[in-house]
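1. below are the sequence and a predicted model for it; my questions follow.
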Amino acid sequence: MTLETEMLALGQAARVGAEALRNASADQRTAAIRAMARSLRADAPAILAANEAELKAATKHHDRLMLDPERVEAIAAGLDAVAGLPDPLGAEIARWQRPNGLDIARVRTPIGVIGMIYEARPNVTADAAAICVRSGNAVILRPGSDCFASSRAIHAALAQGLEAAGLPASAVQIVPTSDRAAVGALLSGLDGTLDLVIPRGGRSLVERVQAEARVPVLGHLEGVCHTYVHAAADPAMAAAIVRNAKLRRTSICGATETLLVDRAALSMLPAIAEALDGCELRGDAEAAAIVPMLPAHEEDWRTEYLAPILSIRTVSDWKEAASHIARFGTGHTEAIVTEDPATAEAFLAAVDSAIVLWNASTQFADGGEFGFGAEIGIATGKLHARGPVGPEQLTSFKYVVRGQGQVRP
């Protein structure tokens, strides 16, 4: 079987899986996700063994790739959380009556078959599978070569759970090869069997998908996230938030990459720098005059470091901060630290990113922290979903119209 025919067979099988999920009851989808979580826990030794071999071969992204017993348990717990979410299918978004007596409802439905292309994150295998099952969508998973073995081990456990719950394994499939040509096949739409492609990875992956896809794309671009310390910030809070936003986990897309500081708040910079011990600082001339640091260049404002490196820029007020974000940000996550509610609300209204926070770390940009159980990623576009993508965000809708014999004049 050639790669092309193998990929087309995946698409056709996914259609069958999607139909089974759409017609399954909410309870059956819940039981399937719980069975997937149990199977994941039972297969933890095999998953960890596959991951250990990959880590030895990896030259980068070790934190993203690494699994340990605690992380495997966290993935399984995330599946249990998704199982506990309200089932979105069939929910009425709106309902109204027309003067002619027609009753019209807008009702949530699955999208259909989703292609998920991702890099360096084996946990996405389970997160995407659970969210798709919860929302009634079949999914074809295409992990990157760096997490291919771990993802296959995770997928094997998920397939066992699906079948134990009486649902076909074709509802969650994984591309059986790391050949890059498989990505091109997915982007072609698999002869009309694919309804949506979701890329999650670096800029080059997302840009390739957006340029080549013959089906709609739900993009998850890099996170050049900002924290803005306003003149009315509480100094201790500012230091704690900036430290967490940058250093809790530097490899996630919600990590702050640029710190914006009011000129009137520069006196807080030494304490913030002390809290960032171990982090390389790159700043403009005004920041460097307060705390010794490397000079920042314009490219720093555009860079997602994914490392303990932070760029620092001085601004005159929240409007200049918002202007910097609009120019250099990626529409992901931005935070303001201030005790002034009026300034905070103005910033929250003006900044057009998927997530904006007041007095909280940007590392809360996470579906689990939003109560979604898990996430497929953070959507940085404006259509069809934005921010953390959970089950509800992976539904479409249809109109259900009920009449009593009306005919149109």
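-> Arrived safely, thanks for sending. The model shown is predicted, which means the values in this text are computed figures rather than measured ones.
2. number of nearby residues for residue 151?
-> 28 (other C-beta atoms under 10 Å). For every residue, glycine as well, the C-beta is placed using N, CA and C.
3. what do you get for residue 52?
-> Neighbours of residue 52 (other C-beta under 10 Å): 14.
4. so who does residue 129 touch?
-> Taking C-beta atoms under 8 Å, 6 or more residues apart in numbering, we find residue 129 in contact with 36, 139, 141, 155, 158, 172.
5. surely it is in a helix?
-> Yes. Per DSSP: H, G, I helix; E, B strand; the rest coil, residue 129 lies within a helix segment.
6. got a markdown table for the contacts of residue 129, with pLDDT, secondary structure and distance to residue 115 too?
-> Formatted as a markdown table, those follow (pLDDT from 0 to 100; DSSP: H, G, I helix; E, B strand; the rest coil; distance: C-beta to C-beta, whole Å):
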| residue | pLDDT | secondary structure | distance to residue 115 |
| --- | --- | --- | --- |
| 36 | 98 | helix | 20 |
| 139 | 98 | strand | 8 |
| 141 | 98 | strand | 8 |
| 155 | 98 | helix | 15 |
| 158 | 98 | helix | 17 |
| 172 | 98 | strand | 12 |
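7. so which of these comes closest to residue 236?
-> Among the contacts of residue 129, residue 36 lies closest to residue 236 (C-beta to C-beta), at 43.1 Å.
8. just give the nearest non-adjacent residue to the closest one, would you?
-> Counting by C-beta to C-beta, 6 or more residues apart in numbering, residue 36 lies nearest to residue 161, which is 3.4 Å off, once chain neighbours are set aside.
9. re the thing from before, dump the contacts of residue 129 to JSON lines, plus neighbour count and distance to residue 179.
-> As requested, the contacts of residue 129 are exported to JSON lines (neighbours: other C-beta atoms under 10 Å; distance: C-beta to C-beta, whole Å):
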{"residue": "36", "neighbour count": "29", "distance to residue 179": "27"}
{"residue": "139", "neighbour count": "28", "distance to residue 179": "19"}
{"residue": "141", "neighbour count": "24", "distance to residue 179": "15"}
{"residue": "155", "neighbour count": "22", "distance to residue 179": "17"}
{"residue": "158", "neighbour count": "29", "distance to residue 179": "22"}
{"residue": "172", "neighbour count": "30", "distance to residue 179": "21"}
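10. considering the residues you listed, which is situated nearest to residue 87?
-> residue 36 (15.5 Å).
11. output the below-cut-off pLDDT ranges for the chain.
-> Within the chain, the ranges that satisfy pLDDT under 70 run 61.
12. was I right about the residue nearest to residue 36 contacting residue 41?
-> No. With contact defined as C-beta atoms under 8 Å, residue 161 and residue 41 do not form a contacting pair (10.2 Å).
13. quick one: residue 115 is in a strand?
-> Yes. Under three-state DSSP, residue 115 falls within a strand.
14. if we can go back for a sec, more crowded one of residue 161 and residue 41?
-> Neighbour totals were compared for residue 161 and residue 41, and residue 161 leads with 27 against 17 (other C-beta under 10 Å).
15. now the more buried one: which helix or strand?
-> helix 148-164 (DSSP states H and E).
16. list the buried residues in that helix.
-> 148-162 (16 or more other C-beta atoms under 10 Å).
17. partners of the helix or strand just after it, with directions?
-> Going down the chain from helix 148-164, the next helix or strand is strand 172-174, by DSSP H and E. Paired neighbours of strand 172-174 in the sheet (DSSP bridges): strand 138-143 (parallel).
18. if we look at the partner strand, which residues are touching it?
-> 10-11, 14-15, 17-18, 21, 112-119, 122, 124-125, 128-129, 132, 150-152, 155, 170-175, 182-183, 186, 190, 194.
19. how far off strand 138-143 does the longest helix seen in the chain point, in degrees?
-> Determined from DSSP state H, the single longest helix within the chain is helix 3-23. Helix 3-23 runs at 140 degrees relative to strand 138-143, counting by axes from the mean of the first three to the mean of the last three C-alpha atoms, to 10 degrees.
20. what about the strands in the stretch 301-409 of the chain?
-> 309-315, 333-337, 355-358, 378-379, 387-388, 395-402 (DSSP state E, counting those that start in this stretch).
21. ok now do residue 273, which residues does it touch?
-> So residue 273 contacts 281, 291, 293 (C-beta under 8 Å, 6+ apart).
22. most neighbours out of the residues you listed, which is it?
-> Among the contacts of residue 273, residue 281 has more neighbours than the rest - 21 neighbours, counting by other C-beta under 10 Å.
23. not counting its neighbours along the chain, what's nearest residue 377?
-> According to C-beta to C-beta, 6+ apart, the nearest residue to residue 377 is residue 220 (3.8 Å).
24. okay, now that neighbour: neighbour count?
-> Around residue 220 there are 25 other residues, counting by other C-beta under 10 Å.
25. quick check, it in contact with residue 380.
-> Yes. Taking C-beta under 8 Å as the definition, residue 220 is a contact partner of residue 380 at 6.5 Å.
26. where do the strands sit along the stretch 1-150 of the chain?
-> Using DSSP E, counting those that start in this stretch, strands in the stretch 1-150 of the chain cover 92-97, 103-110, 113-118, 138-143.
27. got the angle for the first one vs strand 395-402?
-> Between the direction of strand 92-97 and that of strand 395-402, the angle (the same axes, to 10 degrees) works out to 20 degrees.
28. mind listing what residue 158 touches?
-> Residue 158 neighbours (C-beta under 8 Å, 6+ apart): 36, 39, 40, 125, 126, 129, 172.
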